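Student: Return atomic coordinates for the entry below.
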Amino acid sequence: MIALTLYSRPACHLCDEMKAVILPLLSQFDATLEVIDIDTDPELVAAYGHDIPVLLVNGRKAFKHRLTPAELQRRLAREASA
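Tutor: Here you go, the predicted structure:
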């Protein structure tokens, strides 16, 4: 299983766009998605501020701000074959 973590915040249009790219691919790659609102943790706000969304794949930073379905598919395919 591939674990995806999306650092986000409410009312973030880029976060919503990234989530919309991620969701359709979850079942294809047996992946899970955890969305973390950085505003609930002062350390996360300090670490990310306005530099969101950030997507981690299996705990490693993979994408920031934007991604295409093709980019995410390639990354998830590499993770699935590892």
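Student: Chain neighbours aside, what residue packs nearest to the spatially most central residue of the chain?
Tutor: Ranked by distance to the mean C-alpha position of the chain (C-alpha atoms, centre = their mean), the top residue is Leu55 at 2.7 Å. Excluding the flanking residues, the one nearest Leu55 by C-beta to C-beta, 6 or more residues apart in numbering is Phe63, at 4.3 Å. (Each C-beta comes from the backbone N, C-alpha and C, glycine too.)
Student: my guess is that neighbour meets Lys19, correct?
Tutor: No - using C-beta atoms under 8 Å, Phe63 is not in contact with Lys19; the gap is 11.9 Å.
Student: so where's the longest helix in this protein?
Tutor: helix 69-81 (DSSP state H).
Student: In contact with the residue nearest to the centre of the chain, which residues?
Tutor: 4-7, 18, 22, 61-64, 67 (C-beta atoms under 8 Å, 6 or more residues apart in numbering).
Student: please redo it, this time with the cut-off set to 10 Å
Tutor: 4-8, 15, 18-19, 21-22, 33, 61-65, 67, 72, 75 (C-beta atoms under 10 Å, 6 or more residues apart in numbering).
Student: neighbours around His65, how many?
Tutor: 13 (other C-beta atoms under 10 Å).
Student: for the one 5 residues further on, same thing?
Tutor: Other residues lying near Ala70 total 9 when counted by other C-beta under 10 Å.
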